[in-house]
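S.K.: Let me see the structure of the following:
(4 chains, ligands or ions: 6)
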Amino acid sequence: MAVIGVVAANRLVSSSFHRLDIDLGRPFTFRPGQFVMVNGAGPRALTFSRPFSILAAEGSVLSLLYRVVGRGTAELAAMAPGDAVSVLGPLGEPFPEPMAAQVTILLGGGVGLPPVHAWWRRWGRPGDVACFGARSGAEVPWDLLGDAWRVSVDDPDGLAPGRRAEVGVVTTLVPEAGELPATSPVVVLACGPLPLLRAAAALARARGWRCLVSLEEHMGCGYGVCKGCVVRVADGAGERNATCCHDGPVFDAADVCLLAPREGGSA
Amino acid sequence: MAVIGVVAANRLVSSSFHRLDIDLGRPFTFRPGQFVMVNGAGPRALTFSRPFSILAAEGSVLSLLYRVVGRGTAELAAMAPGDAVSVLGPLGEPFPEPMAAQVTILLGGGVGLPPVHAWWRRWGRPGDVACFGARSGAEVPWDLLGDAWRVSVDDPDGLAPGRRAEVGVVTTLVPEAGELPATSPVVVLACGPLPLLRAAAALARARGWRCLVSLEEHMGCGYGVCKGCVVRVADGAGERNATCCHDGPVFDAADVCLLAPREGGSA
Amino acid sequence: MKRPGWWSLDMGAPFRLGPRVLPGRVWTASGCFGYGLAAHDFVAADGSGPYAGLGAVVTKTVTPQPRTGNPMPRLVETACGALNSIGLENVGFEAFLATVLPELEARGVPTIVSLAATRPDDFGPMARRLHEAASGFAHWHGVELNLSCPNVAEGGHDFGSSPDTVARCVAAARACLPDRALLAKLTPNTADIAALAAAARDAGVDAVAAINTVVGLDVDLATGQPHLPRRFGGYSGAAIQPIALAKVDQVVRGAGVPVVGVGGIASVEDAVKFFALGAVAVQVGTAQMRDPFAAAHVAAAIGQWSSS
Amino acid sequence: MKRPGWWSLDMGAPFRLGPRVLPGRVWTASGCFGYGLAAHDFVAADGSGPYAGLGAVVTKTVTPQPRTGNPMPRLVETACGALNSIGLENVGFEAFLATVLPELEARGVPTIVSLAATRPDDFGPMARRLHEAASGFAHWHGVELNLSCPNVAEGGHDFGSSPDTVARCVAAARACLPDRALLAKLTPNTADIAALAAAARDAGVDAVAAINTVVGLDVDLATGQPHLPRRFGGYSGAAIQPIALAKVDQVVRGAGVPVVGVGGIASVEDAVKFFALGAVAVQVGTAQMRDPFAAAHVAAAIGQWSSS
Ligand SMILES: Cc1cc2nc3c(=O)[nH]c(=O)nc-3n(C[C@H](O)[C@H](O)[C@H](O)COP(=O)(O)OP(=O)(O)OC[C@H]3O[C@@H](n4cnc5c(N)ncnc54)[C@H](O)[C@@H]3O)c2cc1C
Ligand SMILES: Cc1cc2nc3c(=O)[nH]c(=O)nc-3n(C[C@H](O)[C@H](O)[C@H](O)COP(=O)(O)OP(=O)(O)OC[C@H]3O[C@@H](n4cnc5c(N)ncnc54)[C@H](O)[C@@H]3O)c2cc1C
Ligand SMILES: Cc1cc2nc3c(=O)[nH]c(=O)nc-3n(C[C@H](O)[C@H](O)[C@H](O)COP(=O)(O)O)c2cc1C
Ligand SMILES: Cc1cc2nc3c(=O)[nH]c(=O)nc-3n(C[C@H](O)[C@H](O)[C@H](O)COP(=O)(O)O)c2cc1C
Ligand code: FES
Ligand code: FES
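M.R.: Ligands and ions are numbered 1, 2, ... in the order given. Prediction:
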């Protein structure tokens, strides 16, 4: 099930986002919000594979979007077409399909874009609002977003000529409640750094919208067996540990604590 | 002193011999018989560097000849021009310069060619006899040998058209004593697998020639500090442990035991 | 790899472990494959499942009461291994018995149940309950006593490093487990593992498993503090293989009890090293987290070798 | 790396170790840099030598009599470390005193002399001889008692794992070494390294060095036998770093004695982890074999950090 695929392409799509296309040699299907565990093959494998949300899959080719932050992502960035790469997945609970008449607000921050982007491509409707926030103008992967996405940046530096972005946090892109159809249920789907998820959850709570967040925990196995990625969940069934990889990564924002561990969260 | 060089070229020069050219960025000089310790740079470094005899050095470019036998040599073979490579050296005791009127018989077996080849290029004279033995015809690196070398092969398979090689062990290439100038001191310099060194030593002993051999031990440091590469030496100064890397790799065949460890040698 | 010339173990012959015959000599290790169920619908490219050829799945250690485990983060990757501080998070013995073990039985997964407790005398009642509740199960082959988890605050460490305590745990379980295999999993964090193995042997185990994780620590450069809130974690993976091989050798030659080798096994080559030293079976731990089929691949590669 | 925000050690201040002030906190470890002389004419690209910035070269352990060491092969590389079975090959204490130590002094190499013996009482006379012969040496700073080499058949292993013996060795040396630093190098092959450190502390060491190599074994797939004729070797390199960090932490917090950290240090990042736990100095071992300038590089990188 850890399939050995072959790198088809691996290139920068913005100042710091890399897109990796992997040919798995057999058809690959997924549901938006799911992820894969990725590793080098053979002696290049790290002890743990790394989780990456699925950006897209066409036929046998799986696409990921990543930023280099450490050893594993540096090794990914060093891969060239033809290199073997190990892929386990699709894994995890996806974002739900939209209900009838639902208006969906998509919030993606940084490399949190893939799951919401995939959702929007699969289920998005004309009334939905897709928002993306980046650290800088240079970081925005315009080819993926096209004109359909609202974009915010912390710092407009490097913004491509002719492109527009709000300066500020991504939640400033969200329309007021009054701008949305009054009778539609509104659902927020968010993926990105914790401050983004917290802002999304707060905004949704204030307006009575449902909010689903995709969480990140450093993972060991990615398929629910090691209990290395637990998040504290409190819902109707009581308080308990859930695995981010198997019970998540998508959770109802109302059920989870969105403080960072060192801020008093899961520790 | 472990200099980080850059791979200038890395290619097959016969069916199984690779030639690696490393640009060290500063002039490199050596004496034939010396070696370098080679490793990947940074996170690609193995715990121990690997020893390789110096084939040649021109300006800042060092050349090695190697065969893939395990992890370290496989990593070497995977290196591409531009890759960083760590080089420590030159190390070890070289083959001696020829005395006046000396006739030298060079015997190289397999990837034992570099030290004798380097000696021949540096000190070789018209009366010297250069002999190379390979496992098969396909393994012979003709571009290095040209016409000056006598060649033997265990198996003529793959011999390049127009090329000639004796079938048999490399010592069969050595001329009879009567074919050499009667008054010249004859010295045999040998490098290759143990059976070759044993045959060279036996032949030299029988004819009263001096024989110097370049030994191989798996090495830890290569510069004399770990005592991981000792060979038992018995000479005028008594019996003792010598380091292959620092006291050798060149030893007088009369002073060392040429049985393999598991045949009752250094163990 | 091809069968080495010196190989003498007959992989085709029935593999007897105490009162049971197990379907194979390659197992998954406790804690690295959960309760053995999360991967049940994974399918390899050749159509085989993750249990193909496995001798046993050793389930995640269960304790008398459910445990929520240690604070996060619980895992740190190191240069060629990992530290874990899971803290024996588990559903508890009764829930395991009620829901997990029957499902493993229903799916035909060969199972060794890993048990831990804070007092030696707790092992008797747990073994008895198992014997009562699951004696009809065809795929439940035995019990592995986890006498060695370094992550449990209340004693874990010293617990398993005294031959006396090891003997008491084993004796308590053995008395209630007449017809299943009994293993004791030993700690490597001791100067004399052979003494622990001898104690387990004399108290009646059918085999010992060696090794559990090695006590380790890693520092977060960003904070200057240990990565793990509990400071120490259990070190596993390729890095500990030479330590595991040394401990297995000490037990095989020093205590003469059958040994199941664990520690840094990811490939058939790794497994063969343990068999070469005399291990009767092996377990794949950390490598199973990276690839749910790791043990199955080892089993497939080695399974066809016979001594003839 | 840049100085981390939490860093508080003043690398500019004199580094006092017992009765001496040493020139630095980054040392080479015993056995991985010989007697410190083989590399003396190596020159880095920037013209510096291999001793630049080093606090000390800990010389290869010498014993009362010369030793020829263990049979070959003596080294095996593993996935991310190595096993060695050198067997304390050395020229013997008297030859060391006559020829090696004076040359180190002449070259101005800051030196800690590593000593081993098979009986605790041997350490007294060796320390006394050193004191007599080298008390005028400016660059000889102290003695490290190797109480932990796992490769010496006659006792090495058990020798250093008893707090009693550790205390006797330290006391014997301390009595004869009034004006040099005294260190005891501890074995990690014990369940309780803090107890050893406490014994060394009470007997009068100025610091302990932790750790020596971990007992390990590797199997040669071609033969099915251990690679090393003596079966076991000492495991070192990156793979043991988490174990060394754990042991250092146990000693710092459990015995309150200054600790010199050793184990898997190859880079400034590695060294910083040990300092973060409270080590007063560090030693570079196996990495020094790959690069004679490894310790000097670490020293250069860290040397300019001060606490201000
Ligand atoms: C479900 C999921 C989906 C994801 N999708 C994407 C994606 O689409 N694109 C993308 O770029 N990234 C994604 N990530 C994040 C990605 O997995 C990480 O960036 C990646 O694993 C980092 O690996 P690394 O080896 O490069 O960095 P590492 O070296 O592992 O670590 C980077 C940082 O994390 C810290 N860290 C390491 N281990 C731990 C630990 N146990 N606990 C706490 N902190 C730790 C390190 O100190 C360091 O600061 C996703 C994560 C999850 C869980
Ligand atoms: C002075 C010197 C000069 C050399 N010059 C050349 C040269 O010019 N060209 C060239 O191709 N090679 C040369 N060699 C040999 C070369 O160093 C080895 O082929 C290389 O180190 C193998 O590394 P590896 O990682 O590929 O193989 P490894 O994986 O290290 O080992 C290959 C084989 O050696 C065995 N082995 C590993 N460790 C030990 C040990 N400690 N004791 C005994 N056996 C062991 C393994 O089991 C395996 O069969 C030279 C060696 C020396 C000492
Ligand atoms: C995440 C994780 C959880 C573990 N949990 C347990 C456990 O619950 N019970 C147990 O006996 N061993 C547990 N172990 C130890 C493994 O079973 C095994 O003994 C050890 O990891 C060494 O083998 P390896 O190197 O193949 O992982 C755990 C190991 C890891 C990595
Ligand atoms: C080849 C080799 C020889 C060693 N010889 C000695 C020795 O003579 N005395 C000693 O105290 N330690 C000796 N050691 C242990 C090292 O000093 C050090 O404690 C250990 O290797 C761990 O550090 P490292 O991982 O940086 O190598 C030796 C280690 C190696 C690899
Ligand atoms: S990463 Fe292992 S359970 Fe989630
Ligand atoms: S390889 Fe270290 S002394 Fe020769």
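S.K.: can you tell me which helix in chain C is longest?
M.R.: Scanning chain C for the helix with the most residues, using DSSP state H, yields helix C:241-255.
S.K.: Partner strands of the worst-scoring helix or strand of chain A on mean pLDDT and their direction?
M.R.: Sorting the helices and strands of chain A by mean pLDDT, DSSP states H and E puts strand A:166-167 at the bottom, at a mean of 88. Partners of strand A:166-167 in the sheet, by DSSP bridges, are strand A:150-155 (parallel).
S.K.: Check which residues of the partner strand are buried.
M.R.: Neighbour counts over strand A:150-155 (16 or more other CB atoms under 10 Å in any protein chain shown) mark A:150-153 as buried. Placement of C-beta: from N, CA and C, glycine included.
S.K.: cool, and stretch C:103-123?
M.R.: Buried residues in stretch C:103-123, counted by 16+ other CB under 10 Å: C:104-105, C:109-117, C:120, C:122-123.
S.K.: Counting only strands, which of those make the cut?
M.R.: Among those, the residues falling in strands (DSSP state E) are C:111-115.
S.K.: Mind putting those residues into TSV with distance to ligand 6 and pLDDT?
M.R.: Putting these into TSV (distance: CB to the nearest ligand atom, whole Å; pLDDT from 0 to 100) gives the following:
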residue	distance to ligand 6	pLDDT
C:111	50	97
C:112	45	98
C:113	50	98
C:114	45	98
C:115	49	97
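S.K.: Please state the backbone phi and psi of the residue of chain C found nearest ligand 3?
M.R.: Of all residues in chain C, residue C:31 sits closest to ligand 3, at 1.9 Å by CB to the nearest ligand atom. Backbone torsions of residue C:31, given as degrees, to the nearest 10, read phi 90, psi -10.
S.K.: Give the burial count for the closest residue to residue C:274 other than its chain neighbours, as a bare number.
M.R.: Spatial nearest neighbour of residue C:274, chain neighbours left out: residue C:261 (3.2 Å); criterion: CB to CB, 6 or more residues apart in numbering or on different chains. For residue C:261, the neighbour count with other CB atoms under 10 Å in any protein chain shown is 31.
S.K.: Could you tell me which residues make contact with residue C:261?
M.R.: Neighbouring residues of residue C:261 by CB atoms under 8 Å, 6 or more residues apart in numbering or on different chains: C:210, C:244-245, C:248, C:271, C:274-275, C:277, C:279, C:281-283.
S.K.: and it, what pLDDT?
M.R.: Note for residue C:261: predicted pLDDT of 98.
S.K.: Sticking with it, tell me its helix or strand.
M.R.: Using DSSP states H and E, residue C:261 sits in strand C:259-262.
S.K.: The helix or strand just after that strand vs ligand 2: in contact?
M.R.: Scanning forward in sequence from strand C:259-262 by DSSP H and E, the next helix or strand is helix C:268-276. No: Helix C:268-276 lies apart from ligand 2 when judged by CB under 6 Å from any ligand atom; the minimum separation is 12.0 Å.
S.K.: what about the longest strand in the chain?
M.R.: In the absence of a named chain, chain A is used. strand A:2-12.
S.K.: wrong chain, I was asking about chain C
M.R.: strand C:140-146.
S.K.: Identify all contacting residues around it.
M.R.: Contacts of strand C:140-146 (CB under 8 Å, 6+ apart): C:17-18, C:20, C:22, C:30, C:56, C:58, C:61, C:101, C:104-105, C:110-116, C:123, C:127, C:130, C:134, C:169-170, C:173, C:177, C:180-185, C:206, C:209, C:212.
S.K.: List the neighbouring strands of that strand plus their orientation.
M.R.: With DSSP bridges as the test, strand C:140-146 is paired with strand C:111-115 (parallel), strand C:181-185 (parallel).
S.K.: what would those look like in a markdown table with distance to ligand 4?
M.R.: As requested, those are exported to a markdown table (distance: least, CB to the nearest ligand atom, whole Å):
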| stretch | distance to ligand 4 |
| --- | --- |
| strand C:111-115 | 33 |
| strand C:181-185 | 28 |
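S.K.: what's the closest of these to ligand 1?
M.R.: Per CB to the nearest ligand atom, nearest to ligand 1 of the strands paired with strand C:140-146: strand C:111-115, 24.1 Å.
S.K.: Quick check, the residue in chain C closest to ligand 1?
M.R.: Using CB to the nearest ligand atom, the closest approach of chain C to ligand 1 is made by residue C:73 at 3.2 Å.
S.K.: quick check: domain ranges of chain A?
M.R.: A:3-91, A:103-259 (automatic domain parsing).
S.K.: mind putting the ones you listed in a markdown table, distance to ligand 6 included?
M.R.: Formatted as a markdown table, the domains of chain A follow (distance: least, CB to the nearest ligand atom, whole Å):
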| stretch | distance to ligand 6 |
| --- | --- |
| domain A:3-91 | 24 |
| domain A:103-259 | 38 |
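S.K.: Those domains: which one's closest to residue B:60?
M.R.: Closest approach to residue B:60 among the domains of chain A (CB to CB): domain A:3-91, 26.6 Å.
S.K.: Is ligand 1 within reach of the closest one?
M.R.: Yes: Domain A:3-91 is in contact with ligand 1 by CB under 6 Å from any ligand atom, via A:35, A:50-53, A:64-67, A:69-73.
S.K.: Let's see the PyMOL selection covering just the buried ones among those residues.
M.R.: In PyMOL, this line selects whichever of the residues of domain A:3-91 next to ligand 1 come out buried by 16+ other CB under 10 Å:
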select buried, chain A and resi 35+50+51+52+53+64+65+66+72+73
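S.K.: Mark which of the residues of domain A:3-91 next to ligand 1 are part of helices, please.
M.R.: Per DSSP H, these map to helices at A:71-73.
S.K.: From residue A:224, how far off is residue C:34?
M.R.: 6 Å (CB to CB, to the nearest Å).
S.K.: err, residue C:214, not the other one
M.R.: According to CB to CB, residue C:214 and residue A:224 sit 26 Å apart.
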